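Visitor: Predicted model and sequence follow; I will ask about them next.
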Amino acid sequence: MTPTQTLPATPQGLALAAHLLRAGQQVAIPTETVYGLAADACNDRAVAGIFAAKNRPAFNPLIVHVSDVATARKIAVMTPEAEALAAQFWPGPLTLVLPIQPDAGLSALVTAGLGSVAVRVPAHPVAHALLAQFGGPLAAPSANPSGQISPTRSEHVLAGLSGRIAAVIAAGPCTVGVESTIVEMTGPARLLRPGGIAIEAIESCLGHALLTAAPLEDAATARPTAPGQLASHYAPGAAVRLEAQARQGADDIWLGFGTECAGADLNLSPTGDLVEAAANLFDMLHQADALAQRNNTGTLGQIVVAPIPEIGLGRAINDRLRRAAAPRG
Ligand code: TXA
Ligand code: MG
C-alpha cells in the first residue's frame, strides 16, 4: 500500500492534488464543514475508489462539489426555490438534492442511479481553489471509514484512512464542524439531514416550513436516502449516553456543554454557544474516545454527553449525537 501524502495548502500542494485527482486518485480535502474524500465525479473508477477507501455501503449516493452556481446549473435542474437558497447560502454548508441534467456527465455511482443529484458549493478557500484548478465537479463524502466519526482535522483523516488514499491536504481545523444541511427539492422542499445551516434560516428564506424525512420505521424501503438516516453512524469506539448531567461511573468521560458542567473532561462550549459546540463536536468525540480507551482499570469507559438545546445548530449536533449513541448494527 502506498503511503498517504500530506500536502500543504499552497499553490504547489493544490497543483499536485489536482494532478492526483485528474489521474483518478482519491484526495482528502478541507471544507468548512468536515474534511471530504474527493474524487473526479465523472470518472467511475475514481468514484468507486471512494467507496473502497471508506469501506462504504455502495447504496449511498455522494455529494457533488462545484465551484459556483453556474456549474451547479450544468449538472442539476435549479428550481426557483433552489435558486433562492443558492443565492443566500452558497458558497456554504447547504446541499441541495435536485433533478439531474440529462447530459451532466456524472458517474452513475455518484447518484447511485437515482434521477437526482446532491450538489453544494463549499465556502472553504482551499476547496474553492482546488475546484477551480481541477476544473470539474468533485464527489466527496466525509473522509472517514464508513460509520465512524467525521474528520474535522487532517490528523483525523490520517488516523482513519492512512495508506488507503493518495493524499490529504492539511489546512487546519474545519470552522463549521458538522456536515452540510441537506434539502431535497425534487418535490416540495424536504429536510434530509440537519447540518451547518440552521433549518430556521432555510425556512425563513423560503417563507415556509420544510417537510421532514419519513422516520426510518415508516420508510417503505430499507434503503436510506441520507447517511443521517442510518441509525448507527458517527460512532466512536466507546458507548455513548446522552442527556447526562454528570458522570455515572468513575471511568466515564464527561462531554459537557454550557456553564453547568464544572468537572467535565471536555466542554463543547463553556459559554453555551451552539456554533462553537458544532465546530468542536467531532474533534471532542475523537478526544473523548481516546480518553475512554486509556483509563487504567482495563474496562472501557462510556462517553456521557450533556443535554444540548434543540434549536439552530443544536438540531444538527443532537442528530449526530443520537446516531453516535444508537445501538450498533
Ligand atoms: O458537509 C458535507 O456535506 C460533507 C463535506 C465533505 O462536503 N459531505 C458529506 O457527504 O457529508 P456524505 O456523502 O457523507 O453525505 C451525503 C449524503 C449521502 O450519503 C446521501 O445519502 C445524500 O447525501 N445524497 C446524496 N445524493 C442524494 C440524492 N440524489 N438523493 C438523496 N440523498 C442524496
Ligand atoms: Mg459521513
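Guide: That came through fine. Residues are numbered from 1 along each chain as shown. Ligands and ions are numbered 1, 2, ... in the order given.

Visitor: burial of the residue nearest to A198 when sequence neighbours are not counted, as a residue count?
Guide: With CB to CB, 6 or more residues apart in numbering as the criterion, A198 has its nearest non-adjacent residue at 4.4 Å, and that residue is G312. No exception for glycine: its C-beta is placed from N, CA and C like everyone else's. Neighbour count for G312, taken as other CB atoms under 10 Å: 17.

Visitor: now do the one 10 residues further on
Guide: Residue crowding around R322 was assessed by other CB under 10 Å; the count is 16.

Visitor: Same question for H128.
Guide: 18.

Visitor: again with A87
Guide: Residues near A87, counting by other CB under 10 Å, number 10.

Visitor: before we move on, what about A15?
Guide: If we define neighbours as other CB under 10 Å, then A15 has 13 of them.

Visitor: That one reaches Q133, doesn't it?
Guide: Yes: using CB atoms under 8 Å, A15 is in contact with Q133, at 6.8 Å.

Visitor: Which secondary structure element is home to V64?
Guide: strand 63-65 (DSSP states H and E).

Visitor: Direction included, what does that strand pair up with?
Guide: strand 116-120 (parallel), strand 138-139 (antiparallel) (DSSP bridges).

Visitor: The shortest one near ligand 1 at all?
Guide: Read it as strand 138-139. No: using CB under 6 Å from any ligand atom, strand 138-139 never reaches ligand 1; the gap is at least 8.2 Å.

Visitor: so how far is that strand from its chain's centroid?
Guide: 14 Å (CA atoms, centre = their mean, to the nearest Å).

Visitor: just the residues of the stretch 51-200 of the chain that are near ligand 1, which are they?
Guide: So far as CB under 6 Å from any ligand atom goes, the stretch 51-200 of the chain lies against ligand 1 at 60-63, 93, 95, 97, 111, 114, 116-118, 122, 140-142, 179-180, 182, 184, 192.

Visitor: And the buried ones among those residues, selectable in ChimeraX?
Guide: Restricted to buried positions by 16 or more other CB atoms under 10 Å, the ChimeraX selection for these reads:
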select :60,61,62,63,93,95,97,111,116,117,118,122,140,141,142,179,180,182,184,192
